[in-house]
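> Below are the sequence and a predicted model; questions follow.
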Amino acid sequence: MNLEQSIEKQYDIMDVSLLAGKIMLESGAETYRVEDTMMRIAASYGIKESHSYVTPTGIMFSIETEEPTKTKLMRISDRTTDLKKVMLVNSTSRRISNGELDVPQAYRILKQIDRSEETYSLKIRIGAASIASGCFLLMFQGSTADFIPAVITGGIGFMSVVYFQQLISIKFFAEFMASFIIGLLALLFIQLGIGQELDKIIIGSVMPLVPGLLITNAVRDLMAGHLISGLSKGAEAFLTAFAIGSGIAVVVTFL
């Protein structure tokens, strides 16, 4: 293999590592897991020393060879929760480590994972959010008479946050409006005599919007020593909680 082919192969390995890291980070994986997976993939293809630096909004990856150090940067703009994609990338990484996949095969598989649709359709996610809202109400010792109002309110609230995120890219605005709508609907059910406990209906309905995975990842990143990622994810979780609380507060205070 001549020098030009060697350099081209190294860049291909970097592309595979970066693509794996991009999919995992966009799907809700922890920072340390993303960095570890990228370096393991590079090591499996013969890169003796590699370095990755991951934040919630970007990935930098470099490899050290006999030639000058090569570095690539990838911007991350969209983040969601899709743990199935994280599992698929982990499975692909293990196959790479076992020597089952060469570089082109691994890149092709990762591209298919990246292009695949979300694990569950919007209807299923709205239905799950609705049922979860009712179950959360019961978990917080709410009355069974409020189960249906919580199911309806939680489902419409989750549907609202999806709609507003498509309408405008500002996540804070979407979460604020969704919680505002939840507060209005809960208040409407109380005034119509369908619901009994306003606070329990609201608490159950907003739970699907609470950034539980984000908070968990923030704590795990901080414990693993990734201070920048941990603090930024914590700040994002705080803004989400503030948006939810503000939307409910507006309804309770002024209506």
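Structure received.
> now the stretch 1-150 of the chain, which segments are flagged as low pLDDT?
1-5, 66-68, 118 (pLDDT under 70).
> Buried residues of whichever helix in the chain runs longest, list them for me.
The longest helix of the chain (DSSP state H) is helix 227-254. Residues of helix 227-254 classed as buried by neighbour count (16 or more other CB atoms under 10 Å): 229-230, 232-234, 236-237, 240-241, 243-244, 247-248, 251. (C-beta placed from N, C-alpha, C; glycine too.)
> Dump those residues to TSV, plus pLDDT and distance to Ile215.
Compiled in TSV, the buried residues of helix 227-254 are given as follows (pLDDT from 0 to 100; distance: CB to CB, whole Å):
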residue	pLDDT	distance to Ile215
Ser229	86	13
Gly230	89	11
Ser232	89	13
Lys233	88	8
Gly234	91	7
Glu236	89	10
Ala237	91	5
Thr240	92	9
Ala241	92	9
Ala243	94	14
Ile244	93	13
Gly247	93	19
Ile248	93	19
Val251	90	24
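> any chance of those residues in TSV, with distance to Met139 too?
Below are the buried residues of helix 227-254 laid out as TSV (distance: CB to CB, whole Å):
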residue	distance to Met139
Ser229	31
Gly230	28
Ser232	30
Lys233	26
Gly234	25
Glu236	26
Ala237	21
Thr240	21
Ala241	19
Ala243	23
Ile244	18
Gly247	22
Ile248	19
Val251	23
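> Which one of the residues you listed is nearest to Ala150?
For these, the closest approach to Ala150 (CB to CB) belongs to Ile248, at 14.1 Å.
> Ile182 versus the closest one, what's the distance?
Applying CB to CB, to the nearest Å, the value for Ile248 to Ile182 is 7 Å.
> Just give me the residues shared between the contact sets of the two.
Common contacts of Ile248 and Ile182, defined by CB atoms under 8 Å, 6 or more residues apart in numbering, comprise Ile202, Val206.
> Which residues belonging to the helix or strand containing Met38 are considered buried?
Using DSSP states H and E, Met38 falls within helix 31-44. Within helix 31-44, the residues scored as buried using 16+ other CB under 10 Å are 31-35, 37-44.
> What of stretch 176-192?
Going by 16+ other CB under 10 Å, stretch 176-192 has these buried residues: 176-187, 189-190.
> got it, and stretch 127-137?
Ala129, Ser130, Ile131, Ala132, Ser133, Gly134, Cys135, Phe136, Leu137.
> Same question for stretch 204-220.
Gly204, Ser205, Val206, Met207, Pro208, Leu209, Pro211, Leu214, Ile215, Asn217, Ala218, Arg220.
> what's the closest of those to Gln196?
Nearest to Gln196 among these: Gly204, at 12.7 Å, using CB to CB.
> could you show me where the helices are in this structure, in order?
3-26, 31-44, 83-97, 103-115, 122-139, 147-167, 171-191, 198-206, 212-223, 227-254.
> if we compare those, which one ends up closest to Lys72?
helix 3-26 (5.4 Å).
> which secondary structure elements does that closest one contact?
Applying 3 or more CB pairs under 8 Å, 6 or more residues apart in numbering; DSSP states H and E, one finds that helix 3-26 contacts helix 31-44, strand 49-55, strand 58-64, strand 70-75, helix 83-97, helix 103-115.
> Now do it: distance to the chain's middle.
Chain-centre distance of helix 3-26: 23 Å, with CA atoms, centre = their mean, to the nearest Å.
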